[in-house]
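Enquirer: Next one to model:
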Amino acid sequence: MKTNKILVVDDERSVRYALSKVLRAEGYHVVLVENGREAVERACAERFDLVLLDLSMPEMNGWEALKEIATAQPVLPVIIITAHQHQRDWIEPDGAWALMEKPLNIPLLLVAIREMADGIPSISQRAGAPTKPRFKHWPADQQSHFNDASRPWGINE
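Expert: Reported below is the predicted structural model:
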């Protein structure tokens, strides 16, 4: 099953643009916001299938946004994307479903998004709380980086 609607939260315009381009090419509906406050507002006001959330942002950082989103929408999968290493022990208990460190491996990120969608009913079918899958973590130093110049991705910020 493919996730239909993804909220992308990152203060870097180039990251938001690149992620939206890749995700839209994969057939996802993408909503972009640039800070944690906007992320919480949108996640509480609209239905999303998944959130990609950066940690370091102005107004409300990703930590605060994650806690508020996880409280308001506990069945909403959140994948943290961050340039900060060694964050797993802090993020996992706060409600994230996965952590991927930058530079992002886009093919791996797409696999993670598909995995988050498996077993989780689409927003139109969601009646109860799905079982949260086991937390996943992809450290930057363990990702096999994909640098194919013919592809429209390569998000390194």
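
Enquirer: pull the CA atoms of the one helix or strand Ile80 maps to into CSV?
Expert: Using DSSP states H and E, Ile80 sits within strand 78-82. What follows is strand 78-82, C-alpha atoms only, in CSV (Å, rounded to 0.1, in the frame of the first residue of the first chain):
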residue,chain,number,x,y,z
VAL,A,78,6.7,10.2,12.0
ILE,A,79,10.1,9.7,10.4
ILE,A,80,12.7,12.0,11.8
ILE,A,81,15.3,13.3,9.3
THR,A,82,18.2,15.0,10.8
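
Enquirer: That strand pairs with which strands, and in what direction?
Expert: For strand 78-82, the paired strands and their directions (DSSP bridges) read strand 50-54 (parallel), strand 98-101 (parallel).

Enquirer: Which parts of the protein are strands?
Expert: 5-9, 29-33, 50-54, 78-82, 98-101, 136-138 (DSSP state E).

Enquirer: from the strands paired with strand 78-82, which stretch is densest packed?
Expert: Sort these by mean neighbour count, taking mean count of other Cβ atoms under 10 Å, and strand 50-54 sits at the top with a mean of 26. The C-beta positions use only the backbone N, C-alpha and C, and glycine is treated the same way.
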